[in-house]
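[1] Below are the sequence and a predicted model; questions follow.
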Amino acid sequence: MVGGKWRKLDPNVKKVWFIKGFLVILLISTILGITLYFGVELTRTDSLVAAFGFAAAAIAVLATWVVLFYERYRFMIQEDGIEIKRGILWKKDITIPYDRVQNVDIDRGPIEQLIGVYDLNIFTAGTSSETQAIFGAEGYLPGVLRPEKVRNTILNRVQESEEDGFGITRKETKIDAKTQVLEEILDELKKIREKLD
């Protein structure tokens, strides 16, 4: 799981994206058909043709988007952090160092439950709750088949980045090193003062 190899999402995530997109298209097509029938006073056949035409075009675009987005969504779990690459027209490259990771959540909506995949959300220290509410987690891995394994791998890396080999956090080690340097400076100053007196 850890290493310099780009990994794809589980292929079943394409089914999740397609079903969600299809449900949105179905809703919009129904509203479009009803609006055209009652609002523009087209014949029943014309409003059905317009709604079905829109649905067919939208489903073709959706199917293309699902395939392209899946092919361009990659992630890599490295020694020092997680990298995520995604996007078709607007590409996004995300690097999340382990020392910024605060929490890793596993989500599973009704469609994900039906298909059998999970979404992994990686929250960082720099993300406020307001930002999370609007944009979601900084690191988002949809369609993960075995999320516990991926989450445990990430959390183990987070813990390793915070601790040295003796179980002491690196922050404590830095503080102790600074304290030691300050004590040495103080001792030197005391010796100089004694010589001056």
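    On my side now, so go ahead.
[2] how far does whichever strand or helix holds Ile82 sit from the chain's center?
    Using DSSP states H and E, Ile82 sits in strand 81-86. On the basis of C-alpha atoms, centre = their mean, to the nearest Å, strand 81-86 sits 9 Å off its chain's mean C-alpha point.
[3] for that strand, packing partners?
    strand 74-77, strand 92-97, strand 139-144 (3 or more C-beta pairs under 8 Å, 6 or more residues apart in numbering; DSSP states H and E). Every C-beta, even on glycine, is put in place using the N, C-alpha and C of the backbone.
[4] Outline the domain layout of this structure.
    Domain segmentation of the chain under automatic domain parsing yields 11-71, 74-162, 168-197.
[5] Could you export these as CSV, including distance to Lys5?
    Listed next are the domains of the chain as CSV, based on distance: least, C-beta to C-beta, whole Å:
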stretch, distance to Lys5
domain 11-71, 16
domain 74-162, 7
domain 168-197, 27
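[6] can I get those in a markdown table with mean neighbour count and mean pLDDT?
    Formatted as a markdown table, those follow (neighbours: other C-beta atoms under 10 Å; pLDDT from 0 to 100):
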| stretch | mean neighbour count | mean pLDDT |
| --- | --- | --- |
| domain 11-71 | 15 | 89 |
| domain 74-162 | 15 | 83 |
| domain 168-197 | 10 | 72 |
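[7] What residues are recorded as beta-bridge partners of the spatially most central residue of the chain?
    Centrality entry for the chain: nearest residue to the mean C-alpha point is Tyr140, 1.3 Å, by C-alpha atoms, centre = their mean. Beta bridges link Tyr140 to Asn121, judged by DSSP bridges.
[8] give the contact list for it.
    Ile84, Asp119, Leu120, Asn121, Ile122 (C-beta atoms under 8 Å, 6 or more residues apart in numbering).
[9] With Glu138 as the reference, measure out to the fourth one.
    Counting by C-beta to C-beta, to the nearest Å, the separation of Asn121 from Glu138 is 9 Å.
[10] Kind regards, and thank you for your time.
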